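**Student:** sequence first, then the predicted structure, then my questions.
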Amino acid sequence: MHYSILLEDENGVSYFVDREADLPEQDFVPPATPLLISDVLPASGFVFLTLPVGWKGIRHRSPHRQIAAILSGRFRVEAGSGEAREFTSGDLFWMEDTTGEGHASSAEGGEPVTMVITQLS
């Protein structure tokens, strides 16, 4: 499973890295056959979020270590490095830029962006 993670360098500048989740075969819902599943990540919160059509945020830090699953719309994120990426339905976006200069994000394409965000412990 592919995801993009937003990290920070030693100067607090955020940048993107592409990663693949490790999904070993494990028992998850016995007696069903084993599934491909990651290790458990402790979470502290879960929110639904909608960005209205045309929403543009100012540069900010992520309020938590968190993972967003994009449900609909086109979500644009510009890292402090200047690299910009767009995320659409089915994409996962992991945010770890909680202390540096952060990133800027926006809803693109003329429709709201809906997502679920899991805040990590």
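**Tutor:** Happy to help now that I have it.

**Student:** tell me what Ala43 is bridged to.
**Tutor:** Leu120 (DSSP bridges).

**Student:** quick one: the residue nearest to Ala69 when sequence neighbours are not counted from Leu71, how far?
**Tutor:** Nearest non-adjacent residue to Ala69, counting by CB to CB, 6 or more residues apart in numbering: Val116, 5.1 Å away. No exception for glycine: its C-beta is placed from N, CA and C like everyone else's. If you measure Val116 against Leu71 using CB to CB, to the nearest Å, the figure is 7 Å.

**Student:** and Thr50, by the same measure?
**Tutor:** Counting by CB to CB, the gap from Thr50 to Leu71 is 9 Å.

**Student:** what do you get for Arg19?
**Tutor:** From Arg19 to Leu71 the distance is 21 Å (CB to CB).

**Student:** hmm, Val77 is touching Phe93, no?
**Tutor:** Yes: look at Val77 against Phe93 with CB atoms under 8 Å: they come within range, at 6.8 Å.

**Student:** any common contacting residues for the two?
**Tutor:** 6, 87 (CB atoms under 8 Å, 6 or more residues apart in numbering).

**Student:** OK, contacts around Leu41?
**Tutor:** Leu41 neighbours (CB under 8 Å, 6+ apart): 67, 118, 120.

**Student:** are any of those buried, and which?
**Tutor:** Buried positions within the contacts of Leu41, assessed by neighbour count (16 or more other CB atoms under 10 Å), are 67, 118.

**Student:** partner residues bridging the residue nearest to the spatial centre of the chain?
**Tutor:** Nearest to the geometric centre of the chain sits Phe93, at 2.2 Å (CA atoms, centre = their mean). Phe93 forms beta bridges with Ser4, Ala68, as assigned by DSSP bridges.

**Student:** thought it was touching Phe75?
**Tutor:** Yes: Phe93 lies in contact with Phe75 (CB under 8 Å); the separation is 7.3 Å.

**Student:** between the two, what contacts are shared?
**Tutor:** 68, 87.

**Student:** any idea how far Ala21 lies from Ala68?
**Tutor:** Distance check for Ala21 against Ala68: by CB to CB, it reads 15 Å.

**Student:** next up, the contacts around Ser72.
**Tutor:** Applying CB under 8 Å, 6+ apart to Ser72 gives the contacts 89, 111-114.

**Student:** I'm done for today, thanks for sticking with me.
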